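>>> coordinates for the following, if possible.
(2 chains)
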Amino acid sequence: MGLLRRHGPIGTACALAAGAVLVAFLLLIIVLLAEARPVVDAGFLVDAPSRFAARAGVGPALAGTLWIAFLTAAVAFPTGLGTAIFLEEYAPRTRLTGAIESAIANLAGVPSVVYGVVGLALFARGLGLGASIVAGSLTLAALALPTVIVVSASAIRAVPKGLRVAAHGLGATKWQVIRHQILPAAAPGVLTGCCLAFTRAMGEAAPLLVIGAAAFVTFAPGAPGDPLTSLPTQIFAWTARSQEDFSALAAGACVALLVVLLAMNLVALAVRHRLRGGKR
Amino acid sequence: MTVAELSGAGTASRALAERLAGRVFQACAVVATATALAVVGVLGFETVLFFTEVSPARFFTEATWTPFSEEPRFGVLPLLAATAQITVGAAVFAVLPGVMTALYLHQYADARSATVVGTATSLLAGVPTVVYGYIALNFVTPALRAAWPEVEAFNGLSACLVVGLMILPTVVVLSREALESVPASLMEAGLALGATRDRVVVRVLIPAASRGIIGSVVLAMARAAGETMIVTLAAGNQARLTWNPLEGIRTLTAFIGQSSLGDAPSGTLHYRAFFAVGAVLFVVTYVMYAGGRRLLSRRDRDGAR
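Just a heads-up that it's a prediction; the model follows:
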């Protein structure tokens, strides 16, 4: 065997493990596509869920996910980036700053379902928002915030010291240095990390289920106060029904969700490419 | 710079912008810190209220979890044991393939294979857990039941397998980073002494990266412990104390995710039970996550910074 001769026994075993990972990934995609094929047609993306599997679609869920993506990013991105700038550029390097940074980083590891419980108490009940799009978005924003802060802070930290020193030396003020030197230099890193945080949040079903996402929303949400629905919670609702027809619908919704997430990543990739001035 | 900017008005507005920027960033940091405190505060507040009605000793030692019955019993052990089973089971399935894939990417793969496997790994990492849950319930469980008739419709094994797949990318990516942080000179020294590559890998590379590899496994296990959708869909909702992976179990996360919490009126014991379970989950995952991050941080390693 060529593989064995080239890599030795351990290398061959490792290559086989890597091959298994590849196969698992391909199987996942093939199974989803094969299952989804019968239900995915032009109407699937706009139709509402229905008791009759043949007529059901992901229209409201898709609209809900796009709403949530927009609102979550609108809340978590400025807050997270601002916090990262404050921690890196303004806050004194004290023990307290270090403790806050480390606590925030560890919050990124708290399970999403815990944020759901807290979101229910704070936003759905506390602020009286109920099981609405905006309550779900705020919960996911709280979930994404620690990651946004961590990745933004590390992108800012990676900006060469010389850039800062040179700009200050030329008489630029602190805000001018941040605005014209640090932010442009850190932008690609911030963007990549935040995109990862938001796509992860978009795929979350658990916190939205805890808040009370409805399984049966028949109209597309048109305002932040409308009932909470999203692709992940719709997938859960259809999967939990465990009937043949609804299983195909769930697969179709899975494919729709993966396409939305992939599209978000591709847009971020294109923006990053432009930020770097078209250079690779 | 224009004349207007050089005049006094420009300086004043620039000073204003300067002060404003600092204030805005400070406000962001306050909001973020307040959010973090609110998460801990809400969990802690409701949990304390829960423990005024249910004794912590009984909560942590009793083996019956029936929060919705006429005479509710709140013994969290079955949920904790189920979470432990999923966490350890997922690690069993993920660690060896994950570390070996990382080793392949670092040591053996040519550039093209590394790109292909690396891309597949990061795409796998981006798959939402509810999609994994769908796969577990509709494909993995039926396959297990076909091979093994005594497997229940909801079982721990299917969940362990799929949670293992879910945490695999974490193990691969972080272990690869740990391997890459080992200085090349170490391996070259081994090779120069005449050792084969396999021997250098086993005796030099892996021991040198072991701290980081363990850290990657701990972080991955923290993710497995907090995973909700796969276990909710595939492992079932029977809170029973069992280590048999062929039976249905209910994890801490599945209890929160599955029970219609949205319907529970605020202030009831039933409502507060979710926060108590959430707090247990928070503490378990926080400790694991912080520990994993510590192991991965290079700062502590042999005093080398």
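
>>> so the residue nearest the centre of chain B: helix, strand or coil?
Central residue check for chain B by Cα atoms, centre = their mean: the C-alpha nearest the mean position is that of B:Arg223, 1.2 Å away. Secondary structure, DSSP: H, G, I helix; E, B strand; the rest coil: B:Arg223 is helix.

>>> show me what contacts it?
A:Gly109, B:Met166, B:Ile167, B:Thr170 (Cβ atoms under 8 Å, 6 or more residues apart in numbering or on different chains). (C-beta placed from N, C-alpha, C; glycine too.)

>>> same question, A:Ala131
A:Ala124, A:Ile211, A:Gly212, A:Ala213, A:Ala214, A:Pro227, A:Leu228, B:Gly262.

>>> narrow those residues to those in helices?
A:Ile211 (DSSP state H).

>>> okay, now the domains of chain A?
A:2-36, A:45-275 (automatic domain parsing).

>>> output the ones you listed as JSON lines; include the columns mean pLDDT.
Shown next, in JSON lines, are the domains of chain A (pLDDT from 0 to 100):
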{"stretch": "domain A:2-36", "mean pLDDT": "87"}
{"stretch": "domain A:45-275", "mean pLDDT": "88"}
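
>>> among those domains, which is nearest B:Gly22?
domain A:45-275 (6.0 Å; Cβ to Cβ).

>>> could you say what helices and strands the helix or strand encompassing A:Leu183 packs with?
Assigned by DSSP states H and E, A:Leu183 belongs to helix A:183-202. Helices and strands touching helix A:183-202, as assessed by 3 or more Cβ pairs under 8 Å, 6 or more residues apart in numbering or on different chains; DSSP states H and E, comprise helix A:59-85, helix A:133-157, helix A:244-275.

>>> tell me which of those sits nearest to chain B.
helix A:59-85 (2.8 Å; Cβ to the nearest Cβ).

>>> list the buried ones in the closest one?
Across helix A:59-85, burial judged by 16 or more other Cβ atoms under 10 Å in any protein chain shown covers A:59-69, A:71-73, A:75-77, A:79-85.

>>> what sits closest to B:Ile206 if chain neighbours are left out?
B:Ile213 (7.4 Å; Cβ to Cβ, 6 or more residues apart in numbering or on different chains).

>>> residue contacts, that neighbour?
B:Val99, B:Ala102, B:Ser175, B:Ala178, B:Leu179, B:Ile206.

>>> with A:Gly64 instead?
So A:Gly64 contacts A:Ile133, A:Val217, A:Ala220, A:Pro221, A:Leu228, A:Thr229, A:Ser230, A:Leu231 (Cβ under 8 Å, 6+ apart).

>>> need those residues in JSON lines (columns: distance to B:Thr228 and neighbour count).
As requested, the contacts of A:Gly64 are exported to JSON lines (distance: Cβ to Cβ, whole Å; neighbours: other Cβ atoms under 10 Å in any protein chain shown):
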{"residue": "A:Ile133", "distance to B:Thr228": "21", "neighbour count": "27"}
{"residue": "A:Val217", "distance to B:Thr228": "21", "neighbour count": "22"}
{"residue": "A:Ala220", "distance to B:Thr228": "27", "neighbour count": "17"}
{"residue": "A:Pro221", "distance to B:Thr228": "24", "neighbour count": "22"}
{"residue": "A:Leu228", "distance to B:Thr228": "17", "neighbour count": "28"}
{"residue": "A:Thr229", "distance to B:Thr228": "18", "neighbour count": "33"}
{"residue": "A:Ser230", "distance to B:Thr228": "15", "neighbour count": "34"}
{"residue": "A:Leu231", "distance to B:Thr228": "16", "neighbour count": "29"}
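
>>> closest to chain B among these?
A:Leu231 (8.5 Å).

>>> quick check: that closest one touching A:Gly59?
No. Between A:Leu231 and A:Gly59 no contact is recorded; they are 10.8 Å apart, counting by Cβ atoms under 8 Å.

>>> can you name the element that comes right after the helix or strand encompassing B:Val95?
Following DSSP H and E, the helix or strand that holds B:Val95 is helix B:77-103. On the C-terminal side of helix B:77-103, the closest following helix or strand by DSSP H and E is helix B:111-125.

>>> state the mean pLDDT of that following helix.
The average pLDDT within helix B:111-125 is 91.

>>> thinking again about what came up before, okay if I get the contacts of A:Gly64 as CSV plus distance to chain B?
CSV is the format used below for the contacts of A:Gly64 (distance: Cβ to the nearest Cβ, whole Å):
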residue, distance to chain B
A:Ile133, 15
A:Val217, 14
A:Ala220, 20
A:Pro221, 17
A:Leu228, 10
A:Thr229, 13
A:Ser230, 10
A:Leu231, 9
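
>>> picking up where we left off before, so which of the domains of chain A is the most surrounded?
domain A:45-275 (a mean of 20; mean count of other Cβ atoms under 10 Å in any protein chain shown).

>>> now the end-to-end length of that domain.
End-to-end distance for domain A:45-275, by Cα to Cα, to the nearest Å: 32 Å.

>>> any low-confidence regions in chain B?
Along chain B, segments meeting pLDDT under 70 span B:1-10, B:259-263, B:298-305.

>>> how about a cut-off of 50?
B:3-4, B:6-7, B:300-305 (pLDDT under 50).

>>> quick one, strands of it?
For chain B, the strands defined by DSSP state E occupy B:65-66, B:73-74.

>>> what strands flank the last one, and is each parallel or antiparallel?
Take DSSP bridges as the rule and strand B:73-74 pairs in its sheet with strand B:65-66 (antiparallel).

>>> which residues sit against the strand it pairs with?
B:Pro72, B:Arg73, B:Phe74, B:Gly75, B:Val76, B:Leu77, B:Pro78, B:Leu79, B:Ala239, B:Arg250, B:Phe255.

>>> pull out the buried residues from stretch B:269-280.
Neighbour-count burial for stretch B:269-280 [16+ other Cβ under 10 Å]: B:Tyr271, B:Arg272, B:Ala273, B:Phe274, B:Phe275, B:Ala276, B:Val277, B:Gly278, B:Ala279, B:Val280.

>>> check those against chain A, which are close?
B:Phe274, B:Phe275, B:Gly278 (Cβ under 8 Å from any Cβ of the partner chain).

>>> B:Val217: how many residues sit nearby?
B:Val217 has 22 neighbours, counted by other Cβ atoms under 10 Å in any protein chain shown.

>>> and if you look at B:Leu20?
11.

>>> ok, so what distance separates it from A:Thr79?
Taking Cβ to Cβ, to the nearest Å as the criterion, B:Leu20 is separated from A:Thr79 by 17 Å.

>>> now A:Leu96
20 Å.

>>> so what's A:Ala240 up against?
Counted by Cβ under 8 Å, 6+ apart, A:Ala240 has contacts B:Leu233.
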